Structures are given as structure tokens and as C-alpha cells.
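*Asks:* Okay, here's the prediction I keep looking at, along with the sequence it came from:
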Amino acid sequence: MILHNDPSFLIYFGDKKDRCVKSDLKTTKEYLLQLKENLKLKSLIFLNQVHRNFGLCLKDENQINGNLSLFEQNGDFLITNLRNVGIGVVTADCLPIVLYDPIKQVVCVIHAGWRGSVADIIDNAINEMEINFNVTAENLVAYIGACAGACCYEVGRNFTKNLENYNFAHELFIQKNGIFFNLTELNKRLLLNRGILLKNIHTQYNVCTICSSNFHSYRGDNKTDYRQATIVALK
């Protein structure tokens with residue numbers, strides 16, 4: 001577990017110690033409830049992730065069902081300006097992205113697998129931040145968590161067709177004993193294209209989940225049922 005502890009917000013980047021089990025909602029809820037207490041949060045919200053490009057904006061605490069709202073609505077990003085309300089995603093090779101606006105005091109968490117990424121989930125999330133909170137993209141700060149790295153994320157030749165609409169697609173693949181995909185670089189490019197400044201994109205927490213023994217990996221662990229959580233909250 002890594003805790004990015006800023007005076008205005010915190011980010012919890014989970015690891016293999018997280019007991020988030022996809023098929024066992026009871027165990028996952030118990031674990032996340034304890035995590036909520038450990039992080040001293042009033043509420044904790046997760047969506048039922050569906051690898052799509054839509055999410056939920058929380059502007060009113062009346063939108064929250066009790067003090068722990070988990071997996072009750074479909075979506076792959078969450079946005080809020082509510083303080084001490086944790087919003088999170090769970091991953092095991094997909095990329096967790098946190099956005100923070102220090103001017104408007106708004107946070108966003110995104111579950112960016114390759115499907116959501118090419119379906120413009122970053123663009124849609126930032127659009128919602130602009131519409132609901134008058135956020136300016138160039139003020140946003142992005143933190144990128146652990147995901148399948150280009151060192152290990154092997155794909156088939158047909159996979160490359162999913163990225164052929166990007167003029168930088170050739171820079172997203174490494175040819176060695178197979179073809180390897182750079183999910184992190186794709187999302188960095190999408191963040192930059194959306195107006196986020198390069199100096200505001202932080203990758204120090206971006207570790208390969210496949211070759212690191214510290215993270216759950218769907219590919220590396222042969223279709224594991226476990227997930228790690230990424231949570232952000234305003235203080």
C-alpha cells in the first residue's frame with residue numbers, strides 16, 4: 001500500500017494486501033469498510049465497473065446511500081467535490097488514474113482499461129468535471145497507478161487494430177519476441193491531448209502489475225479473482 005498524503009487530499013494506492021475479491025462481494029465489502037475507517041473517511045463509493053466510458057458525479061451527500069456505497073451503479077469513473085468522501089476503483093492490470101484540481105478542489109478516479117481508454121473515458125470524465133465544477137483541464141494534476149506494463153503486456157497482432165485511429169499508435173507497441181502494448185503511454189497521450197500539462201502527470205506510482213510480485217495481476221496470476229483498490233478523497 002502506498003499513501004500519497006497531500007495537505008488537501010489523499011490517494012490510497014493498494015497492492016496485493018488488498019482483499020478485494022471479485023466473486024465474493026461480502027468479503028470485499030468487509031475489507032473496504034475497514035479501509036474506510038483506517039483512512040478516516042465519512043463515506044466510500046465504488047461503482048460496478050463495466051469497461052465502458054461513463055461514470056458518476058457526486059455533488060450532494062444525499063446521493064450517497066449510507067456510509068458505504070459499493071458496486072450499486074454501473075460506471076468506470078467517479079468525480080466529487082465532497083470532503084472526506086472516498087471514491088475508488090479496483091484493478092488487476094487496468095490503469096487507475098486520479099485527477100485533482102487544486103483550484104476548484106475536485107477529484108476524479110478513473111478505471112482505464114484499454115477498452116475504456118479507446119472509448120474516450122478520459123475525455124468524458126474531464127468533460128463532466130468541466131460541466132459540473134467549471135474545471136480547467138490545464139489546472140488538473142494526474143496521478144497514474146500500477147497497471148500491466150509494456151515490459152509484459154503481450155498482445156496479438158489483431159489487437160493493434162484497436163489503436164489504428166491514433167497517429168501515435170506506432171509508439172504504443174514494442175516488438176520483441178511478440179508484440180507488447182504500452183497502456184500507460186496511451187493514457188499519458190490522451191491526458192496531454194485533453195489539455196493536461198506534462199509537468200502535472202505523475203508516474204512515480206506506475207509499476208507493472210504483471211512482473212511485480214506486489215500486485216494482483218489478471219494476466220500474471222492466470223485470471224486472478226483478486227483486485228487492488230485505488231481511492232482518492234479531499235480532506
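*Replies:* Great, that's in hand.

*Asks:* what bits of this structure have low per-residue confidence?
*Replies:* 65-68 (pLDDT under 70).

*Asks:* again, only this time at 80
*Replies:* Residue ranges of the chain with pLDDT under 80: 19, 22, 64-69.

*Asks:* Please export the C-alpha coordinates of stretch 18-36 as PDB.
*Replies:* The C-alpha coordinates for stretch 18-36 follow below in PDB (Å, rounded to 0.1, in the frame of the first residue of the first chain):
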ATOM      1  CA  ASP A  18      -5.900  -5.700  -0.500                       C
ATOM      2  CA  ARG A  19      -8.600  -8.400  -0.100                       C
ATOM      3  CA  CYS A  20     -10.900  -7.300  -2.900                       C
ATOM      4  CA  VAL A  21     -12.300 -10.400  -4.300                       C
ATOM      5  CA  LYS A  22     -14.400 -10.000  -7.500                       C
ATOM      6  CA  SER A  23     -16.600 -13.000  -6.800                       C
ATOM      7  CA  ASP A  24     -17.000 -12.500  -3.100                       C
ATOM      8  CA  LEU A  25     -18.800  -9.200  -2.500                       C
ATOM      9  CA  LYS A  26     -19.300  -9.800   1.200                       C
ATOM     10  CA  THR A  27     -15.500 -10.200   1.800                       C
ATOM     11  CA  THR A  28     -14.700  -7.200  -0.300                       C
ATOM     12  CA  LYS A  29     -17.300  -5.000   1.400                       C
ATOM     13  CA  GLU A  30     -16.000  -6.000   4.800                       C
ATOM     14  CA  TYR A  31     -12.400  -5.200   3.800                       C
ATOM     15  CA  LEU A  32     -13.400  -1.800   2.200                       C
ATOM     16  CA  LEU A  33     -15.400  -0.900   5.300                       C
ATOM     17  CA  GLN A  34     -12.300  -1.400   7.400                       C
ATOM     18  CA  LEU A  35     -10.300   0.500   4.900                       C
ATOM     19  CA  LYS A  36     -12.800   3.400   5.100                       C
END
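
*Asks:* Now do the buried residues in that stretch.
*Replies:* Neighbour counts over stretch 18-36 (16 or more other Cβ atoms under 10 Å) mark 18-21, 28-29, 31-32, 35-36 as buried. Backbone N, C-alpha and C define where each C-beta goes, glycine included.
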